[in-house]
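# Model the structure of this input:
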Amino acid sequence: MKRIILEFIRRVLKIVYSVLLRFRIGREFFDIIMKGSWQEVLSVNHNGINFQFAVPDSLNKYRAVTFSEKEPETLEWIDGIAKGSVLWDIGANVGLYSCYAAKARNCKVFSFEPSVFNLELLSRNIFVNGLSDKIVVLPIPLSDKLSISKLNLTSTDWGGALSTFGKEYGHDGKALKKTFEYQLVGLSIDEVIKFLKIPAPDYIKMDVDGIEQLILAGAKSTLKNVKSVSIEINEDFIEQRRNSEKILASSGLKFKEKRHAEMFNNSIFKNTYNQVWVR
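Predicted coordinates for the structure are as follows:
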């Protein structure tokens, strides 16, 4: 019933929006609302550290409000990172964990995020937290090799997830229900270090919703020197899990644990875990 009511409200608002846009005063009204939403910031405190996150919509408010509860295992993993280390945040989304690593552990963070719908929020979150000198944004997708391919997205929402570069399947290995696409140049991790001369990572956090195995396959040289990896793996996608674990193990890393928050136990992500691998 709740879903039906929400869908009805959306349709009504869409009609109202389309009507008001025909008039100048209506357009100016929505401009004011839009600009105001981008100025809204929510304060978050975790382990005594204060953060400011831009919250222009309900999705990003949810991400900010659940900062300490959504992925506590990721925050704990970051707490164990050596201070001053180099962290690559692959699939950074709007940068919550990039900001946490930079503030809590004084990391030099390289945030990889190819979605144009997430990049502005990622940049805003970095700026409002005073971390522009510590976090580098790389708006490129990673894969197993240099290629030009499509970034396929299931959503154009700010802070949206479940997008895949170069493949038509999603986080579970099933066909992706994409709503938007555009072409990008992708690189492997080893190629990024070789061509762009970016410092190799001491630690890697990866959350890319389906192509983890491809990105790891393009990082075989780099992985030999990485101290630890936190990687999101959907165990229903058996091929991805097996190939990812094989590559990580062959690089000399050892599986330590897998966890996810209780909130995911009865969701479509119930078999998705953040795995931690250490040297």
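# C-terminal to the helix or strand bottoming out on mean pLDDT in the chain, what's the next element?
When the helices and strands of the chain are compared on mean pLDDT, DSSP states H and E, helix 24-39 comes out lowest with a mean of 60. Counting by DSSP states H and E, the element after helix 24-39 in chain order, helix or strand, is strand 41-46.
# for the stretch 1-150 of the chain, what spans make up the strands?
Under the criterion DSSP state E, counting those that start in this stretch, the stretch 1-150 of the chain carries strands at the ranges 41-46, 49-54, 86-90, 108-112, 135-138, 147-153.
# what mean pLDDT would you report for the third one?
The average pLDDT within strand 86-90 is 98.
# quick one, that strand and strand 108-112 angle?
If you take axes from the mean of the first three to the mean of the last three CA atoms, to 10 degrees, strand 86-90 sits at 20 degrees to strand 108-112.
# looking at the strands of the stretch 1-150 of the chain, which is buried most?
strand 86-90 (a mean of 26; mean count of other CB atoms under 10 Å). From N, CA and C alone the C-beta is placed, and that goes for glycine too.
# With just CA atoms, put that one into CSV.
Taking only C-alpha atoms (Å, rounded to 0.1, in the frame of the first residue of the first chain), the coordinates of strand 86-90 have been written out as CSV:
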residue,chain,number,x,y,z
VAL,A,86,47.7,5.6,0.3
LEU,A,87,44.1,4.4,-0.1
TRP,A,88,42.4,3.7,-3.4
ASP,A,89,38.6,4.0,-3.0
ILE,A,90,37.3,2.2,-6.1
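# Any regions of the chain where pLDDT drops low?
Counting by pLDDT under 70, the chain has low-confidence residues at 1-3, 6-10, 12-21, 23-38.
# how about 80 then?
Residue ranges of the chain with pLDDT under 80: 1-39.
# in it, which spans are helices?
Ranges of helices in the chain, per DSSP state H, are 2-20, 24-39, 58-65, 67-70, 72-79, 96-104, 116-128, 189-196, 212-217, 220-223, 238-250.
# Give the buried residues for the last one.
Within helix 238-250, the residues that qualify as buried are 240-241, 243-245, 247-248, counting by 16 or more other CB atoms under 10 Å.
# Run through the residues that contact residue 132.
By CB atoms under 8 Å, 6 or more residues apart in numbering, the residues touching residue 132 are residue 126.
# Correction: the previous question concerned residue 154.
By CB under 8 Å, 6+ apart, the neighbours of residue 154 are 160, 162-163, 170, 176-179.
# Turn those residues into TSV, including neighbour count and distance to residue 144.
Shown next, in TSV, are these (neighbours: other CB atoms under 10 Å; distance: CB to CB, whole Å):
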residue	neighbour count	distance to residue 144
160	18	24
162	16	20
163	27	17
170	21	18
176	20	18
177	10	24
178	17	21
179	12	25
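# Tell me the one of those residues nearest residue 142?
Distance to residue 142 across these (CB to CB) is lowest for residue 163, with 12.7 Å.
# quick one: that closest one from residue 178, how far?
Counting by CB to CB, to the nearest Å, the separation of residue 163 from residue 178 is 8 Å.
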